[in-house]
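> fold the following and give me the result.
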Amino acid sequence: MEAVVPGEVSVQDEAVDKRTFKECNQIAFYRRQKLLHPGKSLYRALLDSVTLSDDSVKFQIIHEENKVLLQVEICEIEGNIFRLKIDEVSPLRERHKVPDVLIKEPTTQRLFISQKEAGILVLTSVNEDYKLQVTANPFQVELQSKGETVLSMNSNGLLYFEHLQLPPRKPTAENEEAASDSSKEKQEALGLWQEKFGSFVDIKAHGPSSVGMDFSLHGFDHVYGIPQHTEALLLKNTSDGDAYRLYNLDIFGHKIHDKIGIYGSVPLLLAHKPNRTSGIFWLNSSETLVDISTKAVAEHVPSRSAAETAKQRAVPQTNVRWMSESGIIDVFLLMGPTAFDVFKQFAQLTGTQALPPLFSLGYHQCRWNYEDEQDIKAVDAGFDEHDIPYDVIWLDIEHTDGKRYFTWDKKRFQNPRKMQEHLRKKKRKLVVIVDPHIKVDPTYTLYSQAKEKGYFVKDRNGRDFEGICWPGSSCYLDFTNPEVRKWYADQFAFKTYKGSTNILFVWNDMNEPSVFKGAELTMQKDAVHYNNWEHREVHNLYGFYQQMATAEGLIRRSSGKERPFVLTRSFFAGSQKYGAVWTGDNTAEWGYLKISIPMLLTISMAGISFCGADVGGFIGDPEPELLVRWYQAGAYQPFFRGHSNMESKRREPWLFGKKNTQIIREAIRERYVLLPYLYTLFYRAHTAAEPVMRPLWVEFPGEIETFGVENEYMLGNALLVHPVTEQEAKAVSVLLPGSAEIWYDFRKFKRMEDPGTLKIPVTLENIPVFQRGGTVIPLKTTAGKSTEWMIHISYELHVALDTEACATGELYLDDGHSFQYLHKKQFLCRKFTFHKNILSSSCTDESGKYHTTCVVERVIVLGFVQQPTFVTARSKDGKEKEVVFTYDTKTSALTLENLALSVDADWEICIN
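Below you'll find the model as predicted:
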């Protein structure tokens, strides 16, 4: 690392002391809300005010002490979703409502009033399965499904709504004296009009505007979601001062098992019990805290006869309390009833995962920083020399001219186009970093244009907000403004972004936004955005908007033809529509490898399937064993990138001795061979909102022992992966769930003994991966130098039989890079079915018009109980041919070779 020039910024500026960040008790609105204890709510519903329209039911509620009226609006949305909004009836100014996250205004269904009497209003859904019971005094709402209460709101009386007020009059000299010190202290403690943290003062021009509400989930004691935290899969009970925090922050080397919010936030919580999964989506982009408490409550069991006395039984209940600094209450209740239904419901609101270009599912090699063009060429050549596949090499901030994004360092990167042409010939891509902060420099075109157009976020006095980041003094583009986003997207045009070509893609970092030396290393909450909204209202959307604008820019530069690839560090609900996310600045320690699994599962359940963690750990130097284990885990996770910090030693995969190079090569090759399956899973995520990487309980919703499992996971419905996360492990304990399931070793093909918890011996060579009986996995027969080299490589199918000797699977195929799959139906969907000893290939979507010359070359049938006498293959035109096969009596695996069956045609293989 070079010596730091005075006035420049170093890595140390990001690495900060824990005291830089607030504890919950240092957050004023949290302290104020916590003064309200569970009990009888002070809100009463005015049932005379009920109005019913095709879209919703509206009524008013009143606070018994301050007499402020709030408007409640309840609607049912198609597909088992209910929405509840609470706002002031007549606020002093409009309160912030989150824009741009919902893909459209949801289609509502009419609710009916089925009962209105003596302080109770009952609303019934069209299909009559759901009832909403509104109790007037105290105000609460209960949601019932077929007579069973699933969820209730405000049943603990924690509805909290600070109505907007006029600022207190400035005290005159004489009553200044009279104002007792204690009342001034009280004002400060409540932080109503200003809030201090260290040397920072947050001036609240509009005063306090915090909102909150409690939800009780009946019969549930397993809750998940609300990323991003360096925490376990199952959400824990919170104690006072230790809530889960959703506030996007740049926390370098974040601690493990901490509820502080890190780079991204998705305010979606899932609850699961054996017969039901439900979700709560709290649509609010200001700082949000979530309290959770699970306890057993007594429930009356109705007596069956007069002689029998009524019994009580203990049932679990989870209470969730959401507290936000500002905005309105706008909450969606996702009623499932299955986990996959909840994923679809959330996607119906916020969109599905964008279909990634195929190259981005390959391996990415990154570091802060590859030095220059020669370094890039040498690393690229190293992969070929060591026969390791990879698709993308990355450039961090040092590639720019003095941290001016969209530029190149003239010494290190004299001919970026030529460098990219060199990579293009190798069928590889380049990703460069583009951060949201803009160096204050009147000679830098981007800065001078943005300044002139008024495109920067302002401070509370109306001047451009200035903060310190990598370039030194910087201004921050206001991505909440659609005009700024359009202008920003235009910066990616090839003629504007000099030296860029169509193999260059983008990485958005530091977009929480990160502001060195700022309060909690981010922007002042009283900074001002488009339409005069304060930063506090939109903070958690900042990164979401930058990624949106960047993805739009990459689409636009290709005239709408090519899919973008954009990785972002900061995210919100709906970020899945724009690309990928990663877990940020992790550390090269075993604990971080271990926690990456629940972190990625949580992000995946929140709609963002395209996620990964820095392989090897960003900070520090991994020992070779840890690096190897991380590659083995990353190869079976959605986004697969090795990355390291400026102060880490170089760690290209071949630098750790011959044996480790061989093992890493094998892990990366396994990834490349698996790409047809992985790409198909991404198509499912894109079209049906199914997470690519999923917790066991999602696939096995009735098996209680899976509910807390976070050291293994399902990749799609067919593969169970158990990364090795302990040093020098000789064996791992693996749960193979489902009493009626059959599991096979993915590499050796042998059937595992009965399901349950097994002790599996491990060596350094690989990690345990199992294929589930009843599935068919499509693979390539061999790996190539990059994904583009593999287009014409033939396929093989691994057919794992279930207890009925059946199996099904899918293959999705398109050109891997354009939008033609969408606009011109250039795609192919095939289904493989094994039934009664016949394996058949059929088309699942006749509208797909994509053709490929590829063939299925080999089929391996796992769990085939006896050696066949002969095997024939029959194509659609009726031609039959005999098939060469081998049968392994030890593993019961049947291998069919030299098939040459067209991937895009119907055929069947009969085993006799």
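> and the helices in the stretch 201-350 of the chain?
Counting by DSSP state H, counting those that start in this stretch, the segments of the stretch 201-350 of the chain that form helices are 339-350.
> where does pLDDT dip in it?
Within the stretch 201-350 of the chain, the segments meeting pLDDT under 70 span 301-310.
> for it, which segments count as strands?
For the stretch 201-350 of the chain, the strands defined by DSSP state E, counting those that start in this stretch cover 211-218, 222-225, 244-246, 268-273, 276-282, 288-301, 311-324, 329-334.
> again, but for the stretch 51-200 of the chain
Using DSSP E, counting those that start in this stretch, strands in the stretch 51-200 of the chain cover 57-63, 69-77, 81-88, 108-109, 112-117, 120-124, 130-135, 140-145, 148-153, 160-161, 194-197, 200-203.
> what's the most buried one of the ones you listed?
Comparing these by mean neighbour count (mean count of other C-beta atoms under 10 Å), strand 160-161 ranks first with a mean of 23. From N, CA and C alone the C-beta is placed, and that goes for glycine too.
> that one pairs with which strands?
strand 211-218 (antiparallel) (DSSP bridges).
> among the strands of the stretch 201-350 of the chain, which comes closest to His686?
Closest approach to His686 among the strands of the stretch 201-350 of the chain (C-beta to C-beta): strand 268-273, 18.8 Å.
> contacts for that closest one?
The contact list for strand 268-273, computed with C-beta atoms under 8 Å, 6 or more residues apart in numbering, reads 217, 219-226, 235, 277-282, 290, 316, 318, 320, 339, 342, 346, 573, 605-607, 697, 701, 707.
> stretch 867-877 too?
880-883, 885, 887, 889, 894, 896, 899, 901-902, 905-912.
> now do 7 Å
880-883, 885, 887, 894, 896, 899, 901, 905-912 (C-beta atoms under 7 Å, 6 or more residues apart in numbering).
> right, so of the strands of the stretch 51-200 of the chain, which gets closest to Lys97?
Taking the strands of the stretch 51-200 of the chain one by one with C-beta to C-beta, strand 81-88 is closest: 8.1 Å.
> among the contacts of stretch 867-877, name the ones in strands.
Taking DSSP state E as the definition of strands, those contribute 880-882, 885, 887, 894, 896, 901, 907-911.
> just the buried members of the residues you listed?
For those, a neighbour count by 16 or more other C-beta atoms under 10 Å gives the buried set as Phe885, Leu894, Leu896, Leu901, Trp907, Glu908, Ile909, Cys910, Ile911.
> can you pick out the most distant pair from those?
Distance extremes for these: the farthest pair is Leu894 and Trp907 at 17.4 Å, using C-beta to C-beta.
> quick one: the helices in the stretch 601-750 of the chain?
624-634, 658-673, 675-688, 696-699.
> could I get these as TSV with mean neighbour count, mean pLDDT and distance to Glu142?
Below are the helices of the stretch 601-750 of the chain laid out as TSV (neighbours: other C-beta atoms under 10 Å; pLDDT from 0 to 100; distance: least, C-beta to C-beta, whole Å):
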stretch	mean neighbour count	mean pLDDT	distance to Glu142
helix 624-634	23	99	43
helix 658-673	20	98	48
helix 675-688	21	98	31
helix 696-699	24	98	26
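> for these, give me CSV that also has distance to Gly198.
Shown next, in CSV, are those (distance: least, C-beta to C-beta, whole Å):
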stretch, distance to Gly198
helix 624-634, 36
helix 658-673, 45
helix 675-688, 42
helix 696-699, 42
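> nearest to Ser840, out of those helices?
With C-beta to C-beta as the measure, helix 675-688 is the member of the helices of the stretch 601-750 of the chain nearest Ser840 (17.7 Å).
> centre of the chain versus that closest one, how much separation?
In this view, helix 675-688 has its centroid 16 Å away from the chain centroid, taken as C-alpha atoms, centre = their mean, to the nearest Å.
> equivalent analysis for stretch 761-777, please.
25 Å.
> and that stretch, C-alpha only, in PDB?
Output of stretch 761-777 as PDB, limited to C-alpha atoms (Å, rounded to 0.1, in the frame of the first residue of the first chain):
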ATOM      1  CA  PRO A 761     -16.600 -37.900   7.500                       C
ATOM      2  CA  VAL A 762     -14.900 -35.000   5.500                       C
ATOM      3  CA  THR A 763     -11.500 -34.400   4.000                       C
ATOM      4  CA  LEU A 764     -10.200 -31.100   2.700                       C
ATOM      5  CA  GLU A 765     -11.000 -32.200  -0.900                       C
ATOM      6  CA  ASN A 766     -14.700 -31.200  -0.800                       C
ATOM      7  CA  ILE A 767     -17.800 -30.400   1.300                       C
ATOM      8  CA  PRO A 768     -20.900 -32.700   1.700                       C
ATOM      9  CA  VAL A 769     -23.500 -32.100  -1.100                       C
ATOM     10  CA  PHE A 770     -26.600 -34.400  -1.400                       C
ATOM     11  CA  GLN A 771     -29.200 -34.800  -4.200                       C
ATOM     12  CA  ARG A 772     -32.800 -35.300  -3.100                       C
ATOM     13  CA  GLY A 773     -34.600 -38.400  -4.500                       C
ATOM     14  CA  GLY A 774     -37.300 -37.400  -6.900                       C
ATOM     15  CA  THR A 775     -35.300 -34.700  -8.700                       C
ATOM     16  CA  VAL A 776     -33.400 -34.400 -12.000                       C
ATOM     17  CA  ILE A 777     -30.400 -32.000 -12.200                       C
END
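> which of the residues in that stretch are classified as buried?
Buried-residue list, stretch 761-777, by 16+ other C-beta under 10 Å: 762, 764, 766-777.
> what's around Gly241, how many residues?
Gly241: 13 surrounding residues under other C-beta atoms under 10 Å.
> got the phi and psi for it?
Main-chain dihedrals, Gly241, degrees, to the nearest 10: phi 80, psi 10.
> now for it: which residues touch it?
Glu23, Cys24, Asn25.
> that one and Phe544: what is the separation?
Distance of Gly241 to Phe544, given as C-beta to C-beta, to the nearest Å: 29 Å.
> same thing with Lys785?
As judged by C-beta to C-beta, Lys785 and Phe544 stand 35 Å apart.
> neighbour count winner among the two?
Between Lys785 and Phe544, counted using other C-beta under 10 Å, Phe544 has the larger neighbour count: 28 against 18.
> how about residues contacting the helix or strand harbouring that one?
Phe544 belongs to helix 542-557 when assigned by DSSP states H and E. Residues outside helix 542-557 that contact it (C-beta under 7 Å, 6+ apart): 248, 264, 434, 436, 479-480, 485, 488-494, 505-506, 508, 511-513, 564, 566, 568-572, 574-575, 578-579.
> ok, back up a step: buried subset of the contacts of Gly241 as a PyMOL selection?
Buried residues within the contacts of Gly241, by 16+ other C-beta under 10 Å, are selected in PyMOL with:
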select buried, resi 24
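> and the contacts of Gly241, which is closest to Ala740?
Using C-beta to C-beta, the contacts of Gly241 come closest to Ala740 at Cys24, 45.5 Å.
> before we move on, back to that, next secondary structure after the helix holding Phe544?
Immediately after helix 542-557, counting by DSSP H and E, sits strand 566-568.
> who does that following strand pair up with?
Strand pairing for strand 566-568, using DSSP bridges, gives strand 504-508 (parallel), strand 580-582 (parallel).
> can you tell me what sits against the shortest one?
Residues lying outside strand 580-582 but in contact with it, judged by C-beta under 7 Å, 6+ apart, are 264, 567-569, 571, 575, 603, 608, 610-614, 639, 641.
> same question for the longest one.
The set of residues that contact strand 504-508 without belonging to it, under C-beta under 7 Å, 6+ apart, is 394, 420, 429-435, 543, 546-547, 550, 554, 565-569.
> would you mind measuring from the closest residue to Arg245 other than its chain neighbours to Cys24?
Closest residue to Arg245 apart from its sequence neighbours, by C-beta to C-beta, 6 or more residues apart in numbering: Gly261 at 4.2 Å. To Cys24, Gly261 is 11 Å away according to C-beta to C-beta.
> overlap of the contact sets of those two?
Common neighbours of Gly261 and Cys24, counting by C-beta under 7 Å, 6+ apart, are Arg245.
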